[in-house]
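okay, here's the prediction I keep looking at, along with the sequence it came from:
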Amino acid sequence: MDKLLIVWSTAEIEVAKKMVLLYGSVILPRGYWDEAHLMIWGPSAKLLAENAELQELLARVKDTGVELSCCVVCADEYGVSEKLASLGIELTHTGEFLTQALKQDWKVITF
């Protein structure tokens, strides 16, 4: 099974729109991967919580079946946990998931 983990940490809006969320929205419908997970970590959590356009793009990604999670520590520190949870993002300790993905058969890409 081909599995992809996208780790999104940058606060750069163009990277978010033109790479992370654009690619994330097509990877399952086009059959590029069997399973995909988008991990929001660091500054991207704050950017997403404050940007309605990115929230709309993320909803499209979620609707395709890509799983979503966010670093709970980062979200708490930025004061955006409630907002991100309302978007259907699982707040978790992302270091654990990343470590397991690296030890298993996941391919990992970071932005």
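Perfect, I can see it now.

CA atoms for contacts and neighbours, from now on please.
Noted.

so for this structure, the centremost residue is which one?
residue 38 (2.9 Å; C-alpha atoms, centre = their mean).

thought that one was touching residue 9?
No - taking contacts as C-alpha atoms under 8 Å, residue 38 lies outside contact range of residue 9: 10.6 Å.

let me know the secondary structure of residue 61.
helix (DSSP: H, G, I helix; E, B strand; the rest coil).

how far away is it from residue 22?
For residue 61, the distance to residue 22 (C-alpha to C-alpha, to the nearest Å) stands at 8 Å.

who's more crowded, these two?
Comparing residue 61 with residue 22 by other C-alpha atoms under 10 Å, the one with more neighbours is residue 61, at 23 against 16.

who's in contact with the residue nearest to that one when sequence neighbours are not counted?
Once flanking residues are discounted, residue 61 sits nearest to residue 25: 4.3 Å by C-alpha to C-alpha, 6 or more residues apart in numbering. Each residue near residue 25 by C-alpha atoms under 8 Å, 6 or more residues apart in numbering is listed here: 60, 61, 62, 64.

got a ChimeraX select line for the buried ones in these?
Of the contacts of residue 25, the buried ones go into a single ChimeraX selection, burial set by 16 or more other C-alpha atoms under 10 Å:
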select :60,61,62
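
list just the nearest of the contacts of residue 25 to residue 44.
residue 61 (15.5 Å; C-alpha to C-alpha).

surely that closest one and residue 21 touch.
Yes - Residue 61 is within contact range of residue 21, at 6.7 Å (criterion: C-alpha under 8 Å).
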